[in-house]
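Enquirer: Sequence plus the predicted model coming up.
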Amino acid sequence: MSTLTTAKTAPAGSWSADPVHSNVTFEIAYAGTNTFRGSFREYEAALEDGALEGSATVASVDVKDEQLNGHLQSPDFFDAERFPEISFRTSDFEHGELTIKGLTRPVAIAATISEPNVDPFGRERVGITLEATVDRNEFGVSWNAPNQGGGNYLGDDVTIKAELALVRQAN
């Protein structure tokens with residue numbers, strides 16, 4: 001059985017994300033009443049000798065409303081035409097660099113890394129979960145509207161979470 005650790009080091013070697021068993025999500029306070037969640041359907045992540053790099057395709061943003069999917073790709077939010085990708089990198093699993101809309105900022109991250117394990121098909125796997133909370137305004141994602149009851153429609157803090165199942169690559 002694989003056990004989760006809070007170690008900040010990842011295993012050596014080359015590993016790639018298994019998109020079927022991984023996900024990249026985000027959440028933000030919405031309308032002063034609840035939390036809105038979305039995800040990205042297309043993303044890549046690779047772990048190379050302890051350094052993790054990943055990216056998500058902005059056009060693959062997925063929320064429960066097609067019209068909102070389109071709005072999230074507009075210049076009001078991610079501006080997919082000019083900035084088709086969001087990227088991230090870390091080598092110490094405590095701090096990383098996040099790039100949204102061409103703006104790269106340092107971020108503090110919480111990470112858990114599983115011990116490597118072998119799946120029923122003989123592939124070695126490791127699980128890495130990363131979570132960071134960022135102020136979206138620092139990345140130029142500042143659209144908002146006032147709530148009739150007071151405050152803003154959207155919160156400023158966005159929590160981004162990547163739950164990655166990585167498979168060791170042959171040398």
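Expert: Perfect, I can see it now.
Enquirer: what number of residues lie near Pro106?
Expert: If you count neighbours by other C-beta atoms under 10 Å, Pro106 ends up with 8. All C-beta spots, glycine's among them, are computed from the backbone N, C-alpha and C.
Enquirer: residues in contact with it?
Expert: Neighbouring residues of Pro106 by C-beta atoms under 8 Å, 6 or more residues apart in numbering: His95, Gly96, Glu97.
Enquirer: Would you mind checking which of those residues is nearest to Asp62?
Expert: Gly96 (23.0 Å; C-beta to C-beta).
Enquirer: Return the longest strand that the chain contains as CSV; C-alpha atoms alone will do.
Expert: Ranked by residue count under DSSP state E, the longest strand found in the chain is strand 154-168. Presented in CSV, the C-alpha positions along strand 154-168 are these (Å, rounded to 0.1, in the frame of the first residue of the first chain):
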residue,chain,number,x,y,z
LEU,A,154,-16.1,37.2,-6.9
GLY,A,155,-13.5,36.8,-4.2
ASP,A,156,-9.9,37.8,-4.8
ASP,A,157,-8.3,34.6,-3.6
VAL,A,158,-8.3,31.6,-5.8
THR,A,159,-7.2,28.1,-4.6
ILE,A,160,-5.5,26.1,-7.3
LYS,A,161,-5.1,22.3,-6.7
ALA,A,162,-3.2,19.7,-8.8
GLU,A,163,-3.7,16.1,-7.9
LEU,A,164,-1.1,14.3,-10.1
ALA,A,165,-0.7,10.6,-10.7
LEU,A,166,2.8,10.4,-12.3
VAL,A,167,4.2,7.4,-14.1
ARG,A,168,7.9,6.6,-14.3
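Enquirer: Listing partners with orientation, what would you give for it?
Expert: strand 14-17 (antiparallel), strand 23-30 (antiparallel), strand 124-135 (antiparallel) (DSSP bridges).
Enquirer: looking at these, which is closest to His71?
Expert: strand 23-30 (13.6 Å).
Enquirer: Buried ones in the closest one, by neighbour count?
Expert: Neighbour-count burial for strand 23-30 flags Asn23, Val24, Phe26, Glu27, Ile28, Ala29 (criterion: 16 or more other C-beta atoms under 10 Å).
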